[in-house]
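# Sequence and computational prediction follow.
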Amino acid sequence: MSRLRYRQGPTPSGGPEMLRNSVYGIRATYNTDREVIAALLPKPLEPVEDPEIWLQMMHVTMHVSETQAIEIGALTMAATCTYEGAPGGYCFHMAMEGESIVTSGRERFGEPKKIAQTHFERNGDTLRASCTRHGIPYFEIEGTIGDKVDAPLKFDEHLFCYKALMAIETPGEFDGDVYLTRLNWERNYSDRRDMTGGKITLRESPFDPLADIPVRAITSMNYVEGGTRTGGQILRTVPGEWIAEHWIGRFDNPTNVGLELKQLQDA
């Protein structure tokens, strides 16, 4: 009997499940210029009193079924913020391996994912990880794994994203509703350690201009390993103009010169 796999076959009933992952890697925060974060955050997100850039560079084993697992490297970056008083981070950059992993996250949750090459290298207690796109190693992080830290191993954290379809006929607008979404990540680490001698390098890339969000001071860096569960939800619809000028970060456009921050301050 022939089959057509462009139609969905029988699937388990029930609501959406959280994806179970095993991870190890680096979590860090750093200070940057306040005006950068102010320009980076779209409405209705609000900056916190002491805004920072949060990031994680992780090696992830995704347990998609009891018998199937996918291993990837993944970089995630966010600006700390609040939504209606609830803390989280605006996710402005995600880069990872695997076409299906990238497209599913973009289409389902509105995550700003891009396909990248990642590399992890451990020499004794020194761990170094990097992310490369278009032949440019635009992100690197490294440090030496030290003592256990007095920080929670089990906790929840949230990132905010925007889900929408670009308009066919009108550039800079969207077809249909634009949604503010929230990623819900349940952390269940088995180990969490301080990292000393930490260094974050952001190299110039016209495709991934993280260098425009400079590292002024690293405020924390931890090595973690253990488990996570990931899911998400829609919070509300938002006007398209709130996110339109930020949408460029999802695509590779080396001709984009960006916006002078002084223009925003003078507006």
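Done, it's in.

# Just the CA trace of the helix or strand hosting residue 56, in CSV.
Applying DSSP states H and E as the criterion places residue 56 in strand 53-63. The C-alpha atoms that make up strand 53-63 are tabulated as CSV, following Å, rounded to 0.1, in the frame of the first residue of the first chain:
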residue,chain,number,x,y,z
ILE,A,53,22.4,41.1,28.5
TRP,A,54,21.8,37.4,29.4
LEU,A,55,23.1,34.6,27.3
GLN,A,56,23.7,30.9,27.2
MET,A,57,25.9,28.8,25.0
MET,A,58,24.8,25.2,25.4
HIS,A,59,25.4,21.7,24.0
VAL,A,60,21.8,20.3,23.9
THR,A,61,20.6,16.7,23.5
MET,A,62,17.0,16.9,22.6
HIS,A,63,15.0,13.8,23.5
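
# Going by neighbour count, list what's buried in that strand.
By neighbour count with 16 or more other Cβ atoms under 10 Å, strand 53-63 contains the buried residues 53-60, 62. (Each C-beta comes from the backbone N, C-alpha and C, glycine too.)

# Closest to residue 176 out of those residues?
Ranked by distance to residue 176 (Cβ to Cβ), those are led by residue 62 at 29.3 Å.

# Nearest residue to the closest one in space, please, no chain neighbours.
Once flanking residues are discounted, residue 62 sits nearest to residue 70: 4.5 Å by Cβ to Cβ, 6 or more residues apart in numbering.

# low-scoring stretches of this structure, by residue?
Residue ranges of the chain with pLDDT under 70: 1, 13-16, 263-267.

# For it, which helix extends over the most residues?
Ranked by number of residues, the top helix in the chain under DSSP state H is helix 99-109.

# Take that one, keep the C-alpha atoms, and write them as CSV.
What follows is helix 99-109 as a C-alpha-only set of coordinates in CSV (Å, rounded to 0.1, in the frame of the first residue of the first chain):
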residue,chain,number,x,y,z
GLU,A,99,17.4,23.2,9.8
SER,A,100,14.3,21.5,11.3
ILE,A,101,15.2,22.8,14.8
VAL,A,102,15.5,26.4,13.5
THR,A,103,12.4,26.4,11.3
SER,A,104,10.2,24.7,13.9
GLY,A,105,11.2,27.2,16.6
ARG,A,106,10.6,30.2,14.3
GLU,A,107,7.2,29.1,13.0
ARG,A,108,5.8,27.7,16.3
PHE,A,109,7.1,30.1,19.0
